[in-house]
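In: One predicted model, sequence on top.
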Amino acid sequence: MTMTRCIAAVAALVTPCAAFAQDSVMVPYGGGNPTPVAQAPADTGDSPEDIAKDAARDLKDSRFYNKPGATRAQYDADWQRCRLIARGSRTPAGMVPYYYNPAVISPLAAGIGGGLGGLLGAAIAEGQQRRANRRACLLIGGWRMVEVPNAEQARVAAMTDADRSAYFDTIVGAKDVKGEVTERTSFSLAADPALALDAPVAGSPTVFAGKKIDPKAPILLGPDEGLVVVAFRRPDAGSAGRTGQFMMARYDVTARDRVYQPRDWKKKGDKTTYAMTAKSADKKAPYEVQVLRMTAGDYVIDSSATGSLVPATTNCFGAPTFHVGAGETVYLGDFIPFWNVKTASGAVSALAWAPHLEEARTALATAQPTLASAMKTATWRNRATYACAGLTMDRFDLPGVEALPEPALQGATAAAATS
């Protein structure tokens, strides 16, 4: 009899180390956007036989991957793809990451050198973390990991090499398997009565426009700037007094990768927003609204955190993305920092999301009535993928949000374009 264990989506996803170290890698806008270099995949030199031999390392008598209806060739191809992503040399869309061109991209902005370079060399490119990320890639891609009962292990172990290979040719695509099955079926925070996403908040709201900035002072935008409004909501004991934060990263929808700060940004006076961390400024406030100036364009929610969680995760296998236009005031939603809340599926520490546009509008109107009147809700899309510059690679979906449409062109080339 098959036993199934579903891994719930981890909503308490946190900022990759290299980006998080600066808290906010935001540079106020004042110059033109750089043109990113779209890198086509290079030939790895691996033959189909080499790939099949490597992929067979995860087909064992004790454990194997399975996707009903799949072939062994499909497994080999997906395993190779996930291997390259886990190594950091491919994006989930199949492209060489922008940061592989250090002559163009700033190593610090890309997380290379003092940050990602060391991580890739130690934890990602080698060892346990690389295997964990390869496993996450396969599970997110619809494969199931099957842990085989002892009796079945013994039967498979006793097979000849030829019989064992034929067995795996069949079992990778079998509908029914023996053992404990681990799969990923959800990538959003599971609803639970203990998570009060829509409970009312008590007390007066606060508005934050930046350190030592009067929230009622007029906000003057540059010619290609917009405003992003976020709210930190604390309606219950599980969120009261808790901090939360999330990082937004500039995104190229066409090439399916993050847009990184160029190496010569200072020389050219480039003040584009490449990354911005929205961080709770007053954890005692029951309802805290923040106004953030950002360069117009597309962004992803790369990571998030509550409390003092160690930053280590990126949503590169699928992140929510939104667009802010020049002169627009866009509301992203309410973010609720839950900490160690006991739910039906166990203790949860997560930065949850819920839309409460009119409540945010009313709160913002106490300091910025004109902006509050013009504010509109963001159009979200899930499943934005990009280069995995982080220790733990994952996916996070906002509930009830459609997926980003597939790009018109995929494969060896992608257009280099920014909004």
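Out: Received the coordinates, thanks.
In: For N382, which non-adjacent residue is closest in space?
Out: D397 (4.4 Å; Cβ to Cβ, 6 or more residues apart in numbering). All C-beta spots, glycine's among them, are computed from the backbone N, C-alpha and C.
In: Hmm, that neighbour is touching F317, no?
Out: No: proximity of D397 to F317 does not meet the contact threshold set by Cβ atoms under 8 Å, at 10.6 Å.
In: Just the strands from the stretch 1-150 of the chain, written as ranges.
Out: 3-6, 63-66, 144-147 (DSSP state E, counting those that start in this stretch).
In: residues of the last one that come out buried?
Out: Counting neighbours by 16 or more other Cβ atoms under 10 Å, one finds that the buried residues in strand 144-147 are 144-146.
In: The helix or strand hosting D334: what's the following helix or strand?
Out: In this assignment (DSSP states H and E), D334 forms part of strand 329-343. Moving toward the C-terminus from strand 329-343, the next helix or strand (DSSP H and E) is strand 346-354.
In: Next, the buried residues of the longest helix belonging to the chain.
Out: Within the chain, and with DSSP state H defining each element, the longest helix by residue count is helix 72-87. Going by neighbour count (16+ other Cβ under 10 Å), the buried part of helix 72-87 is 72, 75-87.
In: what's the answer for stretch 324-342, then?
Out: So for stretch 324-342, counting by 16+ other Cβ under 10 Å, buried means 324, 328-339, 341.
In: Helix or strand with the lowest mean pLDDT in the chain?
Out: Taking mean pLDDT, DSSP states H and E as the measure, the helix or strand of the chain with the lowest value is helix 17-20, at a mean of 29.
In: what about stretch 176-184, start to end distance?
Out: Terminal residues of stretch 176-184 lie 17 Å apart, using Cα to Cα, to the nearest Å.
In: isn't P235 right up against L195?
Out: No: between P235 and L195 there is no contact under Cβ under 8 Å: 10.1 Å.
In: Who has more neighbours out of those two?
Out: L195 (22 against 19; other Cβ atoms under 10 Å).
In: Wait, that one touches V348, no?
Out: Yes: using Cβ under 8 Å, L195 is in contact with V348, at 6.9 Å.
In: So for the two, which residues contact both of them?
Out: 189, 338, 341 (Cβ atoms under 8 Å, 6 or more residues apart in numbering).
In: how near is G88 to D76?
Out: Applying Cβ to Cβ, to the nearest Å, the value for G88 to D76 is 21 Å.
In: now swap in S239 and tell me
Out: 46 Å.
In: Need the residues touching each of P235 and L195.
Out: Listed contacts common to P235 and L195 are I336; contacts here mean Cβ under 8 Å, 6+ apart.
In: Counting neighbours, what do you get for S62?
Out: 14.
In: and if you look at K216?
Out: So K216, with other Cβ under 10 Å, has 11 neighbours.
In: and if you look at S89?
Out: Neighbours of S89 (other Cβ under 10 Å): 17.
In: same deal with the one 5 residues further on?
Out: G94 is surrounded by 17 other residues when neighbours are defined as other Cβ under 10 Å.
In: Surely it is in contact with D78?
Out: No: with contact defined as Cβ under 8 Å, G94 does not reach D78; the gap is 12.0 Å.
In: picking that back up, please identify which of the buried residues of helix 72-87 is nearest to Y260.
Out: I85 (17.7 Å; Cβ to Cβ).
In: Please tell me how far the closest one sits from P92.
Out: 6 Å.
In: same deal with K342?
Out: For K342 relative to P92 (Cβ to Cβ), the value is 34 Å.
In: Could you do R381 as well?
Out: Distance, R381 to P92, by Cβ to Cβ: 15 Å.
In: out of these two, which sits in the busier spot?
Out: Just comparing R381 and P92: by other Cβ under 10 Å the higher neighbour count belongs to P92, 25 against 20.
In: Need the per-residue pLDDT for the residue nearest to the more buried one when sequence neighbours are not counted.
Out: Distances taken as Cβ to Cβ, 6+ apart put T385 closest to P92, at 3.7 Å, once the chain neighbours are dropped. With respect to pLDDT, T385 scores 95.
In: Then A21?
Out: As predicted, A21 sits at a pLDDT of 27.
In: L351 pairs with what?
Out: P337 (DSSP bridges).
In: all strands in the stretch 151-300 of the chain, in order from the N-terminus.
Out: Under DSSP E, counting those that start in this stretch, the stretch 151-300 of the chain gives strands at 180-183, 206-208, 225-233, 244-252, 257-258, 275-279, 287-295, 297-306.
In: coming back round to it: and the residue nearest to N382, helix, strand or coil?
Out: D397 carries the three-state label coil when classified by DSSP: H, G, I helix; E, B strand; the rest coil.
In: ok, how many other residues are close to it?
Out: Neighbour tally, D397, other Cβ under 10 Å: 20.
In: In contact with it, which residues?
Out: Contacts of D397 by Cβ under 8 Å, 6+ apart are 9, 187-188, 318, 320, 382-383.
In: what sits against the residue nearest the centre of the chain?
Out: Nearest to the mean C-alpha position of the chain, by Cα atoms, centre = their mean, lies N315 at 1.3 Å. By Cβ under 8 Å, 6+ apart, N315 lies in contact with 13, 300-303, 394-396.
In: repeat for F322
Out: F322 sits in contact with 298-299, 330, 332, 378-381, where contact means Cβ under 8 Å, 6+ apart.
In: what's across from it in the sheet?
Out: Bridge pairing for F322 - DSSP bridges - gives Y299.
In: No more questions from me, cheers.
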